[in-house]
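Q: Here is a sequence with its predicted model. Questions after.
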Amino acid sequence: MDWLEGALWGAVGGFAVEAVDYMIAVRRWRKLPWKVGAPSLNDPKAAPAPQSAASDDGSPGVVAYLIAAGLRVAVGFVGAAAITASSGDAMTPWLAFIVGGAVPFMLEKITLFVPFLVGVTREGFKVMQAQAAAERQAQPGSRPPAASPDPSGQEGS
C-alpha cells in the first residue's frame, strides 16, 4: 500500500471516530455534541454542565466542533501516512483505518505524559547531583576541588 492510500484510510478512521462521538452525544445525551457540557462524551457517569438561564450556554458551538472534527481527520490522515510510508508492505486498509482513529487519542495521552516526564527528569537530576556530592565528601582522602589561582599573580602571605 502506498502512503497516500494509507493516509486516506487513516482520514476515514479519524472521521469514523467523530461519527461515533456524534452518535454517542445524540443517543446518550439527547443533544448535539457541541451542546453537551460533559468533559467526555464516553463517560456514562458524567453529568452535563448546568445550563445557565442566559441564551449563551457556554458551549463552543458548531464551528468549533467542526474545526475539532476536521483536525481529528487531518491528524488521522498524517499519522496513517507516516506509518504507511515507513512500513507500507505491512500496512493494510484495516490497519490504516485503525491507526487513523487511534493517532489523535495516542497523541493526547503522550501530551499528558510529557510534563510528568520532564518533572521526574528534573527531580532525578537533582537527586543524582546530591548523591554524587555526598559520595565525593564521604570518600576517605578526597580533596576539595582545587582553588582557582589568584588573578593578581601573588600567592598568599
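A: Structure's in. What do you need? This structure is a prediction, so every number in the text was calculated from the model and none was measured.
Q: Look up how far Leu117 lies from the residue nearest the centre of the chain.
A: In the chain, the C-alpha closest to the average C-alpha coordinate belongs to Thr111, at a distance of 2.3 Å (CA atoms, centre = their mean). Separation of Thr111 from Leu117 (CB to CB, to the nearest Å): 11 Å. All C-beta spots, glycine's among them, are computed from the backbone N, C-alpha and C.
Q: do you know how far the residue nearest to the centre of the chain is from Phe105?
A: For Thr111, the distance to Phe105 - CB to CB - is 11 Å.
Q: How many residues are close by the nearest residue to Lys31 once chain neighbours are set aside?
A: Counting by CB to CB, 6 or more residues apart in numbering, Lys31 lies nearest to Ala25, which is 6.1 Å off, once chain neighbours are set aside. Around Ala25 there are 19 other residues, counting by other CB atoms under 10 Å.
Q: got a pLDDT number for Ala25?
A: On pLDDT, Ala25 comes in at 83.
Q: if I pick it, what's in contact with it?
A: Contacts for Ala25 (CB atoms under 8 Å, 6 or more residues apart in numbering) come out as Lys31, Leu32, Pro33, Lys35, Val36, Leu41.
Q: Report the spatially closest residue to Gly76, excluding sequence-adjacent ones.
A: Closest to Gly76 by CB to CB, 6+ apart is Gly14, at 2.6 Å.
Q: and that neighbour, what element?
A: Element membership for Gly14, per DSSP states H and E: helix 3-24.
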